[in-house]
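Student: From the sequence below, what's the structure:
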Amino acid sequence: MSVGAGKDGPSEMTFDGGVELDGGFNKQDEPTGDAVLQCPSCGLFPFGAAVGGQCPDCGTVLDGEDRTEQKSVLLADDSIMARGKIGAILKQMGCQVIEATDGNEALRLAGIFKPDLIILDVMMPNRDGIATLREFRNDTQFEDTPMIILTSKADAKTVGLALRSQASDYILKDASVAEIKERLALYLDG
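Tutor: Numbers count the residues shown, from 1 in each chain. Down below sits the predicted model:
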């Protein structure tokens, strides 16, 4: 069996003895009509059209259409609750969400997935959000990528430091869902 991964959509699998057709799998030339896929967001594998085109684990929409228009967002936060809240909002907005638990993992995953937007929590283990932001801004492949700092409090020192480090914006973790969607839409629409 071989697995292919891609930034813009689901991974495709080819099993020994089978034939891959347009992202789907025909076992010994039996037409199945269902693609066998790996979720690009959480990696659940395999699933296909039989589950309604949505990952049963994370909810990522996977309807077999071309996903090149789907925006990918790297969300780095060590808080499971914060990742859950922001991740759910992003998925509702039709985004593919790649999650990281610290700055080092964010840097590694960004190199693989080349996200359209990066969201970094200020306080993370191993490498905090500001240090990670600066590292990204020193890398030419991410110099134009919008980056949002996620913080639990909007004190002037933290916000000023984030903006001086070339953050595109900041979002408060306890902001309402409507406020967060509005802020994210500025960087995801268009």
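Student: From here on, just use CA atoms for contacts and neighbour counts.
Tutor: Fine.
Student: Measure how buried the closest residue to D169 other than its chain neighbours is and give me the count.
Tutor: Once flanking residues are discounted, D169 sits nearest to I148: 4.8 Å by Cα to Cα, 6 or more residues apart in numbering. If you count neighbours by other Cα atoms under 10 Å, I148 ends up with 26.
Student: Also the one 3 residues further on?
Tutor: Residues contacting T151 under the criterion other Cα under 10 Å number 21.
Student: Look up phi and psi at the residue nearest to it when sequence neighbours are not counted.
Tutor: Spatial nearest neighbour of T151, excluding adjacent residues (Cα to Cα, 6+ apart): L172 at 5.1 Å. As for L172, its main-chain torsions (degrees, to the nearest 10) stand at phi -80, psi 130.
Student: per-residue pLDDT, L172?
Tutor: L172 carries a pLDDT value of 92.
Student: what stretches of the chain score poorly on pLDDT?
Tutor: 1-68, 190 (pLDDT under 70).
Student: how close does V73 sit to L184?
Tutor: Noted for V73: a distance of 10 Å to L184, by Cα to Cα, to the nearest Å.
Student: In terms of neighbours, single out the busier of the two.
Tutor: In this view V73 and L184 are compared by other Cα under 10 Å, and V73 has more residues nearby, 25 against 21.
Student: Doesn't the more buried one belong to a strand?
Tutor: Yes: judged by DSSP: H, G, I helix; E, B strand; the rest coil, V73 forms part of a strand.
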